[in-house]
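Q: Build me a structure from this.
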Amino acid sequence: MTGDEITLYAWYRSSSSWRVRLALNLKQIPYKLIPIDLEKGGQIDPAFLRLNPKGQVPVLQIDGEVLTQSVAILEYLEETRPQHPLLPKDPYQRAEVRRLVQTITAGIQPHQVLTGLYLPDHVPVEWNFARSLDWAGHWIEKGFAGLETMLAQTSGKYCVGDAVTLADCCLVPQVYNAKLRHVDLDPYPTIRRVFEALSELEPFKKAHPSAQPDCTEEYKKVF
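A: Got it, this is the predicted structure:
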């Protein structure tokens, strides 16, 4: 890889990958996508583990370096590619954006990922799946209750004011995950309003899972 090439290793259904796709699109940064199929064990392929020993997506190769962890990648893009900024100039608003980012990525999303939904092998598959939906839905609802209050205080058209920020890159994937788990969004009108406004933007349409080359026909119907 040359210093000019940017390569994103990602999975279309991964919330963390989705966040990075959004930031790259919003900053108008061209990149090459290499899909990693988590359902088929692509994350434990030796070649991928050499990039990220944790076996997680996304991985971003950029500036001759390898970056992992979506929030760290978002911050790196903001610091090295200041065009189309995704953090406000005002220090307090920047802190608000980061607070929302952490609320979603550390306080809500970990409860719904494949590793977080682990149940013992002896549990029947049907029960495992149903229980995992209940588990994820419960924690999303609990997290959304607090997030709704925060957004009622910080939002304009989007999460913080009227400009798209890193918080919006994290919100949209999380709302989609909530919908996939049949979470009722009616109790969260601010979350739903901001989500709907963001969904109309072209960079968000381009980053949608159904627009990714590795998205299956089955999931295109779901999304």
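
Q: hmm, who's touching the helix or strand harbouring L60?
A: L60 is part of strand 59-62 when elements are defined by DSSP states H and E. Outside of strand 59-62, the residues within contact range by CB atoms under 8 Å, 6 or more residues apart in numbering are 1, 5-10, 20, 48, 51-52, 66-68, 73, 76. In this view, the C-beta of every residue, glycine as well, is placed from N, C-alpha and C.

Q: could you redo the last one with a cut-off of 7 Å?
A: Strand 59-62 has contacts (CB atoms under 7 Å, 6 or more residues apart in numbering) with 1, 6-9, 20, 51-52, 66-68, 73.

Q: Could you name the helices and strands sitting against the helix or strand that that strand is followed by?
A: As assigned by DSSP H and E, the chain's next helix or strand after strand 59-62 is strand 65-68. Applying 3 or more CB pairs under 7 Å, 6 or more residues apart in numbering; DSSP states H and E, we find strand 65-68 packed against strand 59-62.

Q: can we see that at 6 Å?
A: In terms of contacts (3 or more CB pairs under 6 Å, 6 or more residues apart in numbering; DSSP states H and E), strand 65-68 is packed against no helix or strand at all.

Q: Export only the CA atoms of that strand, formatted as CSV.
A: The C-alpha coordinates for strand 65-68 follow below in CSV (Å, rounded to 0.1, in the frame of the first residue of the first chain):
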residue,chain,number,x,y,z
GLU,A,65,-0.6,3.3,8.9
VAL,A,66,-3.2,0.8,10.1
LEU,A,67,-6.0,2.2,12.4
THR,A,68,-8.6,0.3,14.3
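
Q: Mind checking the pLDDT average for the helix or strand just after it?
A: For strand 65-68, the following helix or strand on the C-terminal side (DSSP H and E) is helix 70-80. If you average the pLDDT over helix 70-80, you get 98.

Q: From the rest of the structure, what touches helix 70-80?
A: Residues outside helix 70-80 that contact it (CB atoms under 6 Å, 6 or more residues apart in numbering): 16, 19-20, 23, 58, 60, 67, 86-87, 105, 166.

Q: Select the helix or strand of this structure having the lowest average pLDDT value.
A: helix 125-154 (a mean of 79; mean pLDDT, DSSP states H and E).

Q: can you give me the strands for the chain?
A: Using DSSP state E, the strands of the chain run over residues 7-10, 32-35, 59-62, 65-68.

Q: And G41, how far from T7?
A: 20 Å (CB to CB, to the nearest Å).

Q: Looking at the two, which is more packed in?
A: T7 (16 against 11; other CB atoms under 10 Å).

Q: Where does pLDDT dip in this structure?
A: Residue ranges of the chain with pLDDT under 70: 1-3, 110-133, 135, 223.
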